[in-house]
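Participant: Build me a model from this:
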Amino acid sequence: MTAGQFIDLQFPRKLQFLFEPFDYKVLYGGRGGIKSWSIAQALICIAYDRPTRILCLRELQKSIEESVHELLSLQIKRLGLEWFFKIEKQGITGQWVTDANGERRRSEIVFSGLRDTQNLKSYENFDIFFLEEAANVTKRSWGIIMPTLRKAGSELWIAFNPELTTDPTYEMWVLHPPPGTKAVMTSYLDNPWLTDKLHRQIEHMRRTDPDGFLNVYGGHCRTSLEGAVYATDLRLLTARGGIRNVPYDPALPVHTYWDLGFADQTAIWFVQSAGFEHRVIDFYRNRGVGLPHYIAELQKRSYVYGTHYMPHDARAHQLGTGKSVEELAKAAGLKVKIVPNIGLKNGLNAVRTVLPVTFFDEEKTHDGLDAVRRYRFKVDPETKQFSKEPMHEDHSNPADALRMFAVAVTVPLKPAPPEQPRGQGRAAHSPWS
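Facilitator: Numbering: from 1, shown residues only. As a prediction, the model looks like this:
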């Protein structure tokens with residue numbers, strides 16, 4: 001194809017709103033609904049029609065292979081636009097053109113992981129932000145990207161397969177969308193180019209696993225994730241009103257419970273306890289930063305701290321200083337106790353024991369609870385049955401930190417001088433009981 005020739009578009013009518021002016025364009029639903037395929041085609045057409053700066057994001061992107069780079073490249077080749085776009089390993093650019101003001105401009109498409117993008121302000125002048133596989137985007141990450149959309153006429157495009165109705169992405173863009181949002185649900189029924197092979201796979205799942213079919217291909221939310229470790233416990237927690245506004249009580253100390261990581265995440269729960277009741281008032285996690293970062297995060301919060309509970313590997317984990325995390329934390333003035341290692345099974349049971357007497361702040365712990373909901377058992381590759389061991393992934397770090405909390409409040413620690421926190425006994429029972 002050369003300049004002046006028409007582009008052969010294959011675009012479902014339902015998705016033509018992508019070419020209309022909306023602040024937020026949301027495509028969600030099941031597999032086979034050509035969400036990403038249609039968005040990629042629309043982005044290439046827009047970048048060909050006029051100079052456009054596009055940032056393609058994912059929550060996590062360890063390499064360019066995990067981005068939509070290949071999908072966009074395939075669309076460029078399918079549309080015969082190799083003569084116009086230059087496809088490079090780290091990005092895609094269009095030809096230079098001169099606009100009505102005599103300025104030379106060109107289209108530019110770049111790729112990044114949302115958590116790896118330290119300063120999104122550098123992308124404030126971009127025209128379109130495309131967030132792929134957005135189901136796992138955390139509430140914290142949404143809070144980072146939304147203020148970046150400052151340029152007049154800039155748009156945020158979102159594509160995801162929903163999982164839980166409590167997921168931040170589903171709540172924000174389907175249940176309570178902001179003004180200027182156009183959200184459209186698609187499924188394989190909206191795909192006029194569905195292959196016979198995929199249709200057979202869909203029909204097989206519909207017959208053998210109706211519930212899975214509704215989520216995977218129908219695009220409907222699950223009531224809980226398959227194999228979720230705490231599915232029943234969290235359902236009961238929600239039913240009894242255990243997730244609500246939980247204010248900070250300055251008369252009670254705030255204890256923190258940690259799971260440590262560097263390349264992995266470090267996760268911290270902030271808890272106040274009164275009698276047999278526990279109030280989880282805050283949560284924080286990050287990765288790739290050292291202990292000083294987390295101490296600074298503690299200091300940002302206007303809490304009066306009690307004890308900081310860490311896992312047993314805090315005594316061996318090194319941060320390049322020759323000292324353990326426990327030693328470094330104590331040197332920084334933190335009162336640290338090590339949670340005993342009682343084994344995974346006993347730890348999981350401890351969590352199930354404390355959840356019925358625990359309240360979580362709905363807003364500040366949303367990110368942590370979302371990870372705990374996604375904490376799942378491994379699947380045996382041969383039998384396809386769930387094992388008794390949870391998967392180790394991003395969701396496991398907040399779940400492990402929650403386990404530190406449960407073990408610390410249910411298992412006697414090594415003898416130590418009795419703690420006399422301010423306000424002890426002030427609230428013998430919950431004001432929400």
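
Participant: quick one: the helices in the stretch 301-433 of the chain?
Facilitator: 325-331, 344-354, 366-373, 396-410 (DSSP state H, counting those that start in this stretch).

Participant: Lowest average pLDDT across the ones you listed?
Facilitator: With a mean of 87, helix 366-373 has the lowest mean pLDDT of the helices of the stretch 301-433 of the chain.

Participant: Give me the angle between it and helix 344-354.
Facilitator: Orientation note: helix 366-373 sits at an angle of 130 degrees relative to helix 344-354 (axes from the mean of the first three to the mean of the last three C-alpha atoms, to 10 degrees).

Participant: Also compute the angle for helix 366-373 relative to helix 396-410, please.
Facilitator: Relative orientation of helix 366-373 and helix 396-410, computed by the same axes, to 10 degrees: 90 degrees.

Participant: Okay, buried residues for helix 366-373 please.
Facilitator: By neighbour count with 16 or more other C-beta atoms under 10 Å, helix 366-373 contains the buried residues 366, 367, 368, 369, 370, 371, 372, 373. The C-beta positions use only the backbone N, C-alpha and C, and glycine is treated the same way.

Participant: who are the neighbours in contact with the first one?
Facilitator: Under the criterion of C-beta atoms under 8 Å, 6 or more residues apart in numbering, the neighbours of residue 366 are 139, 168.

Participant: switch the cut-off to 6 Å
Facilitator: Taking C-beta atoms under 6 Å, 6 or more residues apart in numbering, we find residue 366 in contact with residue 139.

Participant: low pLDDT regions in the stretch 251-400 of the chain?
Facilitator: Where the stretch 251-400 of the chain drops to pLDDT under 70, the residues are 262-263, 317-321, 379-388, 391.

Participant: and the nearest residue to residue 47 once chain neighbours are set aside, what are its phi and psi?
Facilitator: In this structure, residue 47 finds its nearest non-sequential neighbour in residue 107, 3.8 Å apart by C-beta to C-beta, 6 or more residues apart in numbering. Main-chain dihedrals, residue 107, degrees, to the nearest 10: phi -70, psi 150.

Participant: Okay, residue 107 and residue 128: tell me how far apart.
Facilitator: Separation of residue 107 from residue 128 (C-beta to C-beta, to the nearest Å): 10 Å.

Participant: repeat for residue 187
Facilitator: When C-beta to C-beta is the yardstick, residue 187 and residue 128 sit 25 Å from each other.

Participant: just to revisit the earlier point, could you export the helices of the stretch 301-433 of the chain as JSON lines, including distance to residue 143?
Facilitator: Formatted as JSON lines, the helices of the stretch 301-433 of the chain follow (distance: least, C-beta to C-beta, whole Å):
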{"stretch": "helix 325-331", "distance to residue 143": "28"}
{"stretch": "helix 344-354", "distance to residue 143": "27"}
{"stretch": "helix 366-373", "distance to residue 143": "10"}
{"stretch": "helix 396-410", "distance to residue 143": "17"}
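
Participant: Please name whichever of those helices is nearest to residue 252.
Facilitator: Nearest to residue 252, of all the helices of the stretch 301-433 of the chain, is helix 396-410, at 14.0 Å by C-beta to C-beta.

Participant: circling back to that earlier point, who's more crowded, residue 107 and residue 128?
Facilitator: Comparing residue 107 with residue 128 by other C-beta atoms under 10 Å, the one with more neighbours is residue 107, at 24 against 21.

Participant: Go ahead and confirm that one touches residue 51.
Facilitator: Yes. Between residue 107 and residue 51 a contact is recorded at 5.2 Å, counting by C-beta atoms under 6 Å.

Participant: Tell me which residues touch residue 87, please.
Facilitator: Neighbouring residues of residue 87 by C-beta under 6 Å, 6+ apart: residue 73.

Participant: So what would you say the end-to-end distance of stretch 106-124 is?
Facilitator: Stretch 106-124 has an end-to-end distance of 17 Å (C-alpha to C-alpha, to the nearest Å).

Participant: which of the helices of the stretch 301-433 of the chain sits most buried?
Facilitator: Highest mean neighbour count of the helices of the stretch 301-433 of the chain: helix 396-410, a mean of 24 (counted as mean count of other C-beta atoms under 10 Å).

Participant: can you list the residues that contact it?
Facilitator: Contacts of helix 396-410 (C-beta under 6 Å, 6+ apart): 257-259, 261, 265, 267, 269, 309, 311, 339, 342, 347, 350-351, 353-354, 368, 371-372, 375.

Participant: same deal with stretch 22-36?
Facilitator: 18, 156-160, 162, 173, 180-188, 190-191, 198, 216-219.

Participant: Buried ones among the residues you listed?
Facilitator: If we count by 16+ other C-beta under 10 Å, the contacts of stretch 22-36 have these buried: 18, 156-160, 162, 173, 181, 183-188, 190-191, 216-219.

Participant: domains in the chain, as residue ranges please.
Facilitator: 13-216, 231-410 (automatic domain parsing).

Participant: what is the mean pLDDT for the first one?
Facilitator: Right, the one you point to is domain 13-216. Rounded mean pLDDT across domain 13-216 is 86.

Participant: Off-centre distance for it?
Facilitator: Domain 13-216 sits 16 Å away from the centroid of its parent chain (C-alpha atoms, centre = their mean, to the nearest Å).
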